[in-house]
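S.K.: Predicted model follows, preceded by the sequence.
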Amino acid sequence: MPSNLPLDIARTLAEHISVEPVGPETFQARFNPERQGNTASYSYGGCALGVGVQAACQTAPDGYNLYSVTGSFLAPVLTDSKITCSVRRLRDTRTFATRQVEISQVQNATTRLCVIMLADFHKKEKDSLLEYSSPPDHIYSKPESCLTPQETGQKKVEQGTISIESLSLYNTLFGLIARFFEARQAPEGISAHNLHGMVKEQPQPPHQARLPLTAKTSADWFRCRTPLSAKSDHYAGLAWMLDAYLTFTPLAHSGMFLDDAAACATLDFAIRFFCDEFDLITVRVYLLPDRALNRTEYIGDLCLMVYRSNRVSNLRATFGGYMRGDRHTPKASPVEQKNDPGAEVQGIPETYENALAYYAAAIEIRYSSHAIL
């Protein structure tokens, strides 16, 4: 963790997604949102999602678990002022609770609504009648044998594949997530070879090189660098992280990077938790974008594999966004590539007993798509 950060910059994820009450059913982030993946004054979308989920959780009854978060981005969130969340109680029953969260920010001396969010909670059941989940598509290397993106980038510099300036740019663009999470990329995935698309001419792993975009995968192990004490921190932290992993991976799997798109932004989102307890132990994400004209929709299925009980639980996340333009190279866009929506899922063992339990999650990303006419 950097020790030279200004006092007004969050040092931990828990600080970054924390809120404080400023009025009836109104909460304000303790820190300003920060940028990631761009050099403009727009903040990383996960900042608003994390704070919004945190605010909703503050009003949920004891013993109720979050199971659904949906909503839309209405305007960009800037980095120069704190986010405010106004929570409205839509439902409180013996089984369910629903909260509407309006996420706003003062911009140009005017309060602007930036995100609208709906969060649903349910009372924890005494027992489950049936628990099931789909397994990951592949078996991935153990986290201790995987490199961090920074280590991969340094190797690319030493090999002369990229310049030290390019690696510095990468570390600047994605410094925020590196501050809060340690990530290790499984070499079986594509992103581990091309540094999330920055090394555009890097050959893909042989077992994936001939696959259609819909069948290609990347996988990351990750863990939060600092403790998360409250359950709401885990919910909010996961929402924070998902916007990073689900938005530009189609570019990376196509040998492109953020500079190949004139715009890459999230428009709407949905996260659904099909489990009562999780601790960011092991998470797998499938990413299935639906493409139509200039809009790309990202859909991810998250599978939690909890080491303590060796059971598999399920999550689902959908991030709808858009990528516009191909302003630097004449490459075909992901929209123009042939996809196979009906790719078969390969079965693998249900547990990762050889994995390090202290790693928070493993993310696997794959695609399926169809045209919207």
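M.R.: Yep, that arrived. Numbering: from 1, shown residues only.

S.K.: Pull out the buried residues from stretch 102-119.
M.R.: Within stretch 102-119, the residues that qualify as buried are 102-105, 114-119, counting by 16 or more other Cβ atoms under 10 Å. Yep, even glycine has a C-beta here, placed from its N, CA and C like the rest.

S.K.: quick one, strands of the stretch 101-250 of the chain?
M.R.: With DSSP state E, counting those that start in this stretch as the criterion, the stretch 101-250 of the chain has strands at 110-123, 181-185, 218-224.

S.K.: Show the average pLDDT along the second one.
M.R.: Read it as strand 181-185. Average pLDDT, strand 181-185: 87.

S.K.: any idea which residue of the protein is furthest from its center?
M.R.: The centre of the chain is farthest from one residue, residue 94, which by Cα atoms, centre = their mean lies 31.8 Å away.

S.K.: all helices for the stretch 151-300 of the chain, in order.
M.R.: For the stretch 151-300 of the chain, the helices defined by DSSP state H, counting those that start in this stretch cover 164-173, 175-180, 191-194, 206-209, 231-245, 249-252.

S.K.: Looking at the ones you listed, spot the one closest to residue 221.
M.R.: If you check each of those against residue 221 by Cβ to Cβ, helix 191-194 wins as the nearest, at 10.8 Å.

S.K.: Only alpha carbons, please: show the closest one as PDB.
M.R.: What follows is helix 191-194 as a C-alpha-only set of coordinates in PDB (Å, rounded to 0.1, in the frame of the first residue of the first chain):
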ATOM      1  CA  SER A 191      -5.000 -11.400 -20.600                       C
ATOM      2  CA  ALA A 192      -2.000 -12.900 -18.900                       C
ATOM      3  CA  HIS A 193      -0.200 -12.900 -22.200                       C
ATOM      4  CA  ASN A 194      -1.100  -9.500 -23.700                       C
END
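
S.K.: sorry, back to before: weakest of the helices of the stretch 151-300 of the chain in terms of mean pLDDT?
M.R.: Of all the helices of the stretch 151-300 of the chain, helix 249-252 carries the lowest average pLDDT, namely a mean of 82.

S.K.: so what secondary structure elements neighbour it?
M.R.: Counting contacts by 3 or more Cβ pairs under 8 Å, 6 or more residues apart in numbering; DSSP states H and E, helix 249-252 packs against helix 191-194, strand 295-306.

S.K.: looking at the ones you listed, which has the lowest confidence?
M.R.: Among these, strand 295-306 carries the lowest mean pLDDT (a mean of 48).

S.K.: Report the residue spans of this protein with pLDDT below the cut-off.
M.R.: Screening the chain residue by residue with the criterion pLDDT under 70, one finds the ranges 1-3, 39, 131-137, 245, 263, 276-373.

S.K.: mind putting the helices of the stretch 151-300 of the chain in a markdown table, mean neighbour count included?
M.R.: Formatted as a markdown table, the helices of the stretch 151-300 of the chain follow (neighbours: other Cβ atoms under 10 Å):
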| stretch | mean neighbour count |
| --- | --- |
| helix 164-173 | 15 |
| helix 175-180 | 19 |
| helix 191-194 | 22 |
| helix 206-209 | 11 |
| helix 231-245 | 24 |
| helix 249-252 | 25 |
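
S.K.: Format these as a markdown table; extra columns: distance to residue 83.
M.R.: Formatted as a markdown table, the helices of the stretch 151-300 of the chain follow (distance: least, Cβ to Cβ, whole Å):
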| stretch | distance to residue 83 |
| --- | --- |
| helix 164-173 | 22 |
| helix 175-180 | 15 |
| helix 191-194 | 29 |
| helix 206-209 | 39 |
| helix 231-245 | 12 |
| helix 249-252 | 26 |
